[in-house]
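Peer 1: predicted model and sequence below, questions to follow.
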Amino acid sequence: MRGMKRLAAAFFLLGVFLGVFLGGCLVTGPAWADNYPSRPIRLLHGFAAGGAADTLSRIIADGLSKKLGQPIIVEAKPGAGGNIAADAVAKAAPDGYTLGLVTGAHAISAATYKSLAYQPAESFEMISTLVYYALVIAVRSDYPAKSLGELIALAKAKPGSLSFGSVGFGSTHHLAGELLNATAGIEIVHVPYRGDSQSVTALLGGDVPVIVGTPVLLAPQIQSGAIRGLAVTSPTRTALLPDVPTVQEAGIKGYDVRTWAGLLAPKGTPPAIIAALNAATLEALGDPELRQRLETAVGGEVRGSSPEEMKKLIGTEIAKWTGVVERAKIPKI
């Protein structure tokens, strides 16, 4: 009988221990999420310093830092159309302290690369979209083509003799030019650079006659008269360049290229942290001053989303650009 009592007492103590231990685990999980963030956060992007992605990263980092109460350090890892930075985010610890700002090129990579070290949708937890904006097709001010129609005529007269610069292979800029080739029936050869600034330098130096760039970087050059904007890639004109017509106005019906930017985190980042980041992002985007800064920076439209909506967007974009790549017969790398 005494042995039975000792056994019962042992089971009782074991039960108490397990109850305390498991209860502590249940409390610790949410409490850990409640303490997030407790140290600075890194925000990576895949394009050169001074370009649109860098500008957007710094603006949203400032807004999120105020909401989350921790510094957010922006780090540029340019190259491969944003793939180097995306790969770094995918391989980072899923603890909420490494985030990525990606653009439309993130989805394009699935259409232009034979294989990637990560999956554009499945290797990440989406947080929210931030902004949508158009691109600009531009030439040097002394170039013979004074309009997009004249550029197309020149390209048709000498197929393959013209080239256009972009921020890199697989970027939205690159595919915007390829879509123009396909829809206008021309052949302008793509030349990749490492960022908007390098492509502008190449244009001004006469290395390429045409570039596809962002309004935020090209607007000052266009306004100074150094560069001529031939067309913007969206269906409507951009607020930054109201005098530059759209590609559709030049007679290329149905042409529509708008890139976007959004935030994501490594796969496996706890749902509570993703929810906190989404809430902080939407709150920041709701601030009128920050919205104006973002919209002025890219001449676009601020538009937040749920994680699920951003994941759906990426799937839709992959399908769209895969079709463009196949139509334009762009060899994958």
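Peer 2: Received, thanks.
Peer 1: apart from its chain neighbours, what residue comes closest to G63?
Peer 2: Once flanking residues are discounted, G63 sits nearest to A284: 3.4 Å by Cβ to Cβ, 6 or more residues apart in numbering. To be clear about C-beta, it is placed using only N, CA and C from the backbone, and glycine gets the same treatment.
Peer 1: do G160 as well
Peer 2: E187 (4.9 Å).
Peer 1: cool, and D95?
Peer 2: Using Cβ to Cβ, 6+ apart, the closest residue to D95 is T269 (7.0 Å).
Peer 1: residues near that neighbour, how many?
Peer 2: Burial measure for T269: 22 neighbouring residues, criterion other Cβ atoms under 10 Å.
Peer 1: helices of the protein, start to end?
Peer 2: For the chain, the helices defined by DSSP state H occupy 2-34, 52-68, 83-90, 105-112, 148-157, 172-184, 196-204, 215-224, 271-285, 288-298, 307-328.
Peer 1: mind putting those in JSON lines, mean pLDDT and distance to R42 included?
Peer 2: Shown next, in JSON lines, are the helices of the chain (pLDDT from 0 to 100; distance: least, Cβ to Cβ, whole Å):
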{"stretch": "helix 2-34", "mean pLDDT": "44", "distance to R42": "19"}
{"stretch": "helix 52-68", "mean pLDDT": "95", "distance to R42": "10"}
{"stretch": "helix 83-90", "mean pLDDT": "96", "distance to R42": "9"}
{"stretch": "helix 105-112", "mean pLDDT": "91", "distance to R42": "18"}
{"stretch": "helix 148-157", "mean pLDDT": "97", "distance to R42": "40"}
{"stretch": "helix 172-184", "mean pLDDT": "92", "distance to R42": "24"}
{"stretch": "helix 196-204", "mean pLDDT": "92", "distance to R42": "23"}
{"stretch": "helix 215-224", "mean pLDDT": "91", "distance to R42": "23"}
{"stretch": "helix 271-285", "mean pLDDT": "98", "distance to R42": "13"}
{"stretch": "helix 288-298", "mean pLDDT": "92", "distance to R42": "20"}
{"stretch": "helix 307-328", "mean pLDDT": "92", "distance to R42": "20"}
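Peer 1: out of those, which is closest to V136?
Peer 2: helix 215-224 (5.1 Å; Cβ to Cβ).
Peer 1: I'd like to check the angle between the closest one and helix 52-68, please.
Peer 2: 130 degrees (axes from the mean of the first three to the mean of the last three Cα atoms, to 10 degrees).
Peer 1: now do helix 215-224: distance to the chain's middle.
Peer 2: Relative to its chain's centre, helix 215-224 lies at 21 Å (Cα atoms, centre = their mean, to the nearest Å).
Peer 1: make JSON lines out of the helices of the chain and add mean neighbour count and distance to Q248.
Peer 2: Converted to JSON lines, the helices of the chain look like this (neighbours: other Cβ atoms under 10 Å; distance: least, Cβ to Cβ, whole Å):
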{"stretch": "helix 2-34", "mean neighbour count": "10", "distance to Q248": "47"}
{"stretch": "helix 52-68", "mean neighbour count": "22", "distance to Q248": "22"}
{"stretch": "helix 83-90", "mean neighbour count": "22", "distance to Q248": "31"}
{"stretch": "helix 105-112", "mean neighbour count": "25", "distance to Q248": "21"}
{"stretch": "helix 148-157", "mean neighbour count": "18", "distance to Q248": "10"}
{"stretch": "helix 172-184", "mean neighbour count": "25", "distance to Q248": "10"}
{"stretch": "helix 196-204", "mean neighbour count": "20", "distance to Q248": "24"}
{"stretch": "helix 215-224", "mean neighbour count": "19", "distance to Q248": "17"}
{"stretch": "helix 271-285", "mean neighbour count": "18", "distance to Q248": "29"}
{"stretch": "helix 288-298", "mean neighbour count": "17", "distance to Q248": "20"}
{"stretch": "helix 307-328", "mean neighbour count": "17", "distance to Q248": "17"}
